[in-house]
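[1] how would this look folded up:
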Amino acid sequence: MKVRVRFAPSPTGKLHLGNARTAIFNWLFARHSQGSFVLRIEDTDKERSKPEYEAQLIETLRWLGIDWDEGPNKKGNFGPYRQSERLHIYQEYIQRLLREEKAYYCYCTEEELETERQLCLKKGLPPRYSGKCRYLTEAQKREYEKQGRQPVIRFKVPEDEVVIFEDLIKGKMRFFSNDIGDFVIVRSNGIPAYNFAVVIDDILMQITHVVRGEDHLSNTASQYLLYKALGFTPPQFAHHSLLLAPDRTKLSKRHGAVSVEEYRKEGFLPQALFFYLATLGRGAQKEIWDRKQLVKRFDLKMAGKGNAIFDKKQLLWVNKQLLRALPLEDVSSYAQPFLPEADKGLLKKFVALVRENVSTLKEMADLWPIFNTSKIALSKQAIEALKNPEAQMVLSLFYEALKTGQNDYEAILHEIYQKTQFKGKNLMLPLRIALTGVNNGPQLHAIFEYLPHEWLVSRLKAALNLVRQS
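    Sure thing, here's the model as predicted:
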């Protein structure tokens, strides 16, 4: 059987790192198995779903390098691929469950449901619906309708059943139907609820494997009951570990950036984020695999049973390695949005100069003014660092040498060493600070080769004047 998997996000905001990880696992599984990867948009939440969110979501997936074989705006035999365009399809199965008395209308108000919920909690029981509307008479239904109550449709959960399935990651799972309660399959506005729509979609789209986060495990039990009620064979399920913050709580905004788009804006490469999310939970990776290697080596167990701790420092390390390793042309292309004013040829030369010394594209852009303008601003800390007599001596000697037209960097350094016996930081750091305003970065000889001679002279002169005046 050909593998068919799907990624089914809701267009209600930016793509969360956890959802991106799910998309990556599904994509890798499909490509490894030479199967199909389906993108399905679950946009039945009318209040929160927005077309602009869908457009951004699709663009973000493409930036990550995730393509799909079927989906919105891409032909396939199982569309449409937006749930909002499939409402007519769901009706057939809703009516079937009602006819077969496997579902019923429920007229309970929010207040009544909350009272039931609190009662369960007081008894130390999991909150579940009592099923009080299961056996309403036609007269009772009409009375509720006269009151203006808008009913939902609930699935009639069989009593005293055990739901058992083999999870491809977590192993054998067991749930008791009496713990589930009759769940809503159609909301009062007529829109199908998640647990119902996803089952119908996965059946009709012939999805063979559902790979998703373990927070969906309880949903799987409810969905299994629907598959059985409709007479369909469920797909195979694989519930991967969740993405957690370093404090082992759910990754949220209080921990910092949580969306792919935010990391993109910070200057992370798509290859870095893709690789890190794909291998997170497998321990520190000493070797970075390219996309082809990830596809070849992929196994669902890559997702791991244990929770994966998102460590930004480790992601930074991956990003830094790829900034150095990827073709210069590619890195320059990714850097262009951060330096829109840069000439393409000049940008490539600049990227070659600084990429060994940065961890993100944003850090790279922060260095741009050093190489793009004749003057630089020295901070108070920089001026303070240049105040000692040794630093001023180095700057003066170098300035005098440059002013006479000398441009042999190594020869000038050697000459200064002969006169002062300064070496290492005592020799190099004052020059770096005076010429760049920062105390680290590309090697000084590369800076000398890149910057125009007159810029070097004017920056040293300006630094000496500032130090003497302070």
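[2] for Ala103, phi and psi?
    Dihedral pair for Ala103: phi -150, psi 160, per degrees, to the nearest 10.
[3] isn't it right up against Gln95?
    No. The criterion here is CB atoms under 8 Å, and Ala103 misses it with Gln95 at 9.3 Å. C-beta coordinates here come from the backbone N, C-alpha and C atoms, glycine included.
[4] Comparing those two, which shows the higher neighbour count?
    Taking neighbours as other CB atoms under 10 Å, Ala103 and Gln95 compare with Ala103 leading, 24 against 11.
[5] any idea how far the closest residue to the more buried one other than its chain neighbours is from Gln91?
    Nearest residue to Ala103, sequence neighbours excluded (CB to CB, 6 or more residues apart in numbering): Leu97, at 3.9 Å. Distance, Leu97 to Gln91, by CB to CB, to the nearest Å: 11 Å.
[6] again, but for Phe196
    As for Phe196, its distance to Gln91 is 11 Å (criterion: CB to CB).
[7] Have a look at these two and say which one is more surrounded.
    The residue with more neighbours, out of Phe196 and Gln91, is Phe196; 24 against 13, by other CB under 10 Å.
[8] Quick one: neighbours of Ile203, just the number.
    Based on other CB under 10 Å, the number of other residues close to Ile203 is 17.
[9] Report how many residues lie close to Leu17.
    Quick note: Leu17 (other CB under 10 Å) scores 21 neighbours.
[10] my guess is it contacts Val258, does it?
    Yes. Counting by CB under 8 Å, Leu17 does reach Val258; the two are 5.8 Å apart.
[11] list residues touching both of those two?
    The contact sets of Leu17 and Val258 overlap at Leu251 (CB atoms under 8 Å, 6 or more residues apart in numbering).
[12] how about the nearest residue to Ile94 once chain neighbours are set aside, what does it touch?
    The shortest distance from Ile94 to any non-neighbouring residue, by CB to CB, 6+ apart, is to Val186 (5.9 Å). Neighbouring residues of Val186 by CB under 8 Å, 6+ apart: Ile94, Val152, Ile153, Pro192, Ala193, Phe196.
[13] Could you pick out which of those are located in helices?
    Ile94, Phe196 (DSSP state H).
[14] from the contacts of Val186, which would you call buried?
    Applying 16 or more other CB atoms under 10 Å to those, the neighbour count classes Ile94, Val152, Ile153, Pro192, Ala193, Phe196 as buried.
[15] how much space between the third one and His414?
    The spacing between Ile153 and His414, counted by CB to CB, is 86 Å.
[16] picking up where we left off before, mind checking how far the residue nearest to Ile94 is from His88?
    The value you get for Val186 to His88, if CB to CB is used, is 14 Å.
[17] Tell me the strands beside the helix or strand where Arg174 lies, with direction?
    Assigned by DSSP states H and E, Arg174 belongs to strand 171-176. Note on strand 171-176: by DSSP bridges, its sheet partners are strand 162-167 (antiparallel).
[18] Give the buried residues for the strand it pairs with.
    Val163, Phe165, Asp167.
[19] Name the SS class of Val38, please.
    strand (DSSP: H, G, I helix; E, B strand; the rest coil).
[20] List the contacts of it.
    Val38 makes contact with 4-7, 68-71, 76, 78, 81, 205, 207, according to CB under 8 Å, 6+ apart.
[21] From those residues, which land in strands?
    Using DSSP state E, Arg4, Val5, Arg6, Phe7 are the members of these that sit in strands.
[22] Number of residues surrounding the last one?
    Neighbouring residues of Phe7 were enumerated by other CB under 10 Å; the total is 24.
[23] so which strand or helix has the nearest residue to it once chain neighbours are set aside?
    Nearest residue to Phe7 in three dimensions, chain neighbours excluded: Ala23, at 4.4 Å (CB to CB, 6+ apart). Counting by DSSP H and E, the element that carries Ala23 is helix 17-32.
[24] can you pull the alpha-carbon coordinates of that helix into PDB?
    Taking C-alpha atoms only, helix 17-32 is exported to PDB below (Å, rounded to 0.1, in the frame of the first residue of the first chain):
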ATOM      1  CA  LEU A  17       7.600  25.400  15.900                       C
ATOM      2  CA  GLY A  18       5.800  22.300  17.200                       C
ATOM      3  CA  ASN A  19       3.400  22.200  14.200                       C
ATOM      4  CA  ALA A  20       6.400  22.800  11.900                       C
ATOM      5  CA  ARG A  21       8.000  19.700  13.500                       C
ATOM      6  CA  THR A  22       4.900  17.700  12.800                       C
ATOM      7  CA  ALA A  23       5.000  18.900   9.100                       C
ATOM      8  CA  ILE A  24       8.600  17.900   8.800                       C
ATOM      9  CA  PHE A  25       8.100  14.400  10.200                       C
ATOM     10  CA  ASN A  26       5.200  13.800   7.800                       C
ATOM     11  CA  TRP A  27       7.200  15.200   4.800                       C
ATOM     12  CA  LEU A  28      10.200  13.100   5.600                       C
ATOM     13  CA  PHE A  29       8.100  10.000   6.100                       C
ATOM     14  CA  ALA A  30       6.400  10.500   2.800                       C
ATOM     15  CA  ARG A  31       9.600  11.100   0.900                       C
ATOM     16  CA  HIS A  32      11.400   8.200   2.600                       C
END
